[in-house]
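1. Based on what follows, work out the 3D shape:
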Amino acid sequence: MGSSLPETGASRVEAPESPVPPVPINDAAHAERTSHATRDIRLFWCANAADSLGSQASGVVLPLLLLGLGYSPAVVGLVAGVSTATGLVLGPLVAVPADRGARKRVMFWSAVVSALAMGSVAVALAVAEGRPSLLHLLAAVLVERTATACYEAAARGTVALISTPGNLPRVVAGLEAGDRGALVAGPALGGMLYQASRALPFVLDAVSYVVTAVCVRAMRSDLRADRADRADRTDRTGRADGVGPADRADGAGRTDPADPAGRADSAGPADRAGPADGADPAARPAPPARRSVRGTWSALAAEATAGLRLVRATPLLRLVLVWTTTVNGVLAALYYDAVFTLQESGHGGTPMGLVLALSGAAGLAGSLAAPRLVRGLSPARAVVVVSWLMVPLAAALATAGGPWTYGALFGGFCLIMPLATVILQARAIQGTPPELQARAGSVLATAAGGAAAMAPALSGLLTAHAGAAVPALACAGLLVLLALYTTFGATRVLTKGVPERGRGA
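-> Okay, the predicted model is just below:
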């Protein structure tokens, strides 16, 4: 993948005086790799869409199930809060093994575990007279949420490993379209299944996880970041294998800085073959000193925070962090402000379903149109325009009253947002080293998810003490600040092109 990235001054190699003949390209092998990549992209789209559809279908009925079983709204909120916190905490931790080569295994087994957890809920609802214990439900939700967090953390680095840089906007837009389509169909499908049987939405969710596991297992790519990293080194150094002694993932051939000869592990052939003839067989080299517990924890902490350090050091990723965190928090606050306003005006749950349906349909249309628009627009200009267009939409929500008005305004948000989201996500993927994709993505997702989790409480506080219009006006003010930041930040960062992976923008 490294050869497809735009070159920078640091990665450009001066031509030697004696030209080196180019390596012949095997057209058949190239066509086969391209075919496998296209197939893997479609499988990844299918896995994402199935996962999203099942999660939307079961997620919308889980609160109804708990309330119908006689549990209080406080218990429902506790279950939702604990499951959300679990995902936010575990994401950055699980990203470490995913980046170190276990990505495909983590994705597959996470989907399998999630299927078993949701399947257990469906079985309990079917055989336990429709009244599973709260302990069972809480355990199943936590197991599913934990496994889903593992899957999402590992999946964040997959796009960079199955797509060429030029195809990233299309792949990201396909994932967005799957999410938006699930947002439209999932709640309605879950509600209809719930009316037929309480167990059916969870059966659907379990089946969706099975489909996800099958799609992941069927992907031809092994999804190891070190493969892409090796390719980048090959492009920059011109070596045939692109892997030096210090680059090997398994540690073989790693050189000791204290060994002036640069021998692998400071061991020569005699050392590796065993004791020399006539030597005491018991006289073997002393085993390496064990790392202290403190050193081990320090190494683990360094691995877990590598993504955070990369985001802090890269202007492009900082821009993505600020933009996605602000927009996610604002949308969550505006949504709950709409819920509070419609409830006070005497509307039931149907109007909010209308708002969600209109928003999902608009988001799906925006996601499908985004790849074509990305090709014809300047990335910096597109992100800036979208940022400013969101300001009047948020301000107009302060005066909205009926569900159709809310639906139209939220639909406007969801229609224009995918353009900026696709651009920023594609640039973030291109500018992140393959071996840090999951960890950097987890940092961005945790920040955005944390903002979305806190926003409803802030929106409710403002609504209770200052009125229903205040949250929308406050959000409009935040969007003005974001638009100003984006006007200067996006113009400076996105117009530079994509930085070389592993280097700051």
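2. Grab the most central residue of this protein for me.
-> Residue closest to the mean C-alpha point of the chain, counted by C-alpha atoms, centre = their mean, is residue 156 at 4.0 Å.
3. mind checking which helix or strand the closest residue to it other than its chain neighbours is in?
-> Of all residues not flanking residue 156 in the chain, residue 441 sits nearest, at 3.1 Å (C-beta to C-beta, 6 or more residues apart in numbering). For every residue, glycine as well, the C-beta is placed using N, CA and C. Using DSSP states H and E, residue 441 sits in helix 437-466.
4. about what we covered before: please report how far the residue nearest to residue 156 lies from residue 167.
-> Going from residue 441 to residue 167 by C-beta to C-beta, to the nearest Å gives 18 Å.
5. do you know how far residue 178 is from residue 185?
-> Counting by C-beta to C-beta, the gap from residue 178 to residue 185 is 11 Å.
6. Of these two, which one has the most company?
-> Ranked by neighbour count (other C-beta atoms under 10 Å), residue 178 and residue 185 place residue 178 first, with 22 against 18.
7. Just to check, that one is in contact with residue 56?
-> No. Proximity of residue 178 to residue 56 does not meet the contact threshold set by C-beta atoms under 8 Å, at 11.0 Å.
8. Have a look at residue 441 and residue 167 and say which one is more surrounded.
-> residue 441 (31 against 17).
9. Which residue, other than its chain neighbours, is closest to residue 157?
-> Distances taken as C-beta to C-beta, 6+ apart put residue 437 closest to residue 157, at 3.0 Å, once the chain neighbours are dropped.
10. What distance do you get for that neighbour to residue 39?
-> Residue 437 is 21 Å from residue 39, by C-beta to C-beta.
11. neighbour-wise, which of those two wins?
-> Ranked by neighbour count (other C-beta under 10 Å), residue 437 and residue 39 place residue 437 first, with 28 against 15.
12. Isn't that one up against residue 153?
-> No. Applying C-beta under 8 Å as the test, residue 437 and residue 153 come out as separate, 10.2 Å apart.
13. what residue ranges in the stretch 351-500 of the chain score low on pLDDT?
-> 352, 495-500 (pLDDT under 70).
14. Does the strand or helix carrying residue 354 pack against any helices or strands, and if so which?
-> Following DSSP H and E, one finds residue 354 within helix 349-376. The helices and strands touching helix 349-376, judged by 3 or more C-beta pairs under 8 Å, 6 or more residues apart in numbering; DSSP states H and E, are helix 168-196, helix 315-344, helix 403-430.
15. mind listing what's buried in the second one?
-> So the one you mean is helix 315-344. By neighbour count with 16 or more other C-beta atoms under 10 Å, helix 315-344 contains the buried residues 315-342.
16. and what of the first one?
-> With burial defined by 16+ other C-beta under 10 Å, the residues of helix 168-196 counted as buried are 168-191, 193-194.
17. relative to helix 403-430, how tilted is that helix?
-> If you take axes from the mean of the first three to the mean of the last three C-alpha atoms, to 10 degrees, helix 168-196 sits at 140 degrees to helix 403-430.
18. Helix 168-196 packs against which elements?
-> Using 3+ C-beta pairs under 8 Å, 6+ apart, helix 168-196 sits against helix 27-68, helix 158-162, helix 200-218, helix 349-376, helix 403-430.
19. How far off centre is that helix?
-> What separates the centre of helix 168-196 from the centre of its chain is 16 Å, taken as C-alpha atoms, centre = their mean, to the nearest Å.
20. In contact with the closest residue in space to residue 66 that isn't next to it in sequence, which residues?
-> Leaving aside its sequence neighbours, residue 66 sits nearest to residue 76 (C-beta to C-beta, 6+ apart; 4.8 Å). Counting by C-beta atoms under 8 Å, 6 or more residues apart in numbering, residue 76 touches 63, 66, 67.
21. if I look at residue 76, how far off is residue 394?
-> With distances taken as C-beta to C-beta, residue 76 is found 29 Å from residue 394.
22. Around residue 453, how many other residues sit close by?
-> Residue 453 has 18 neighbouring residues, counting by other C-beta under 10 Å.
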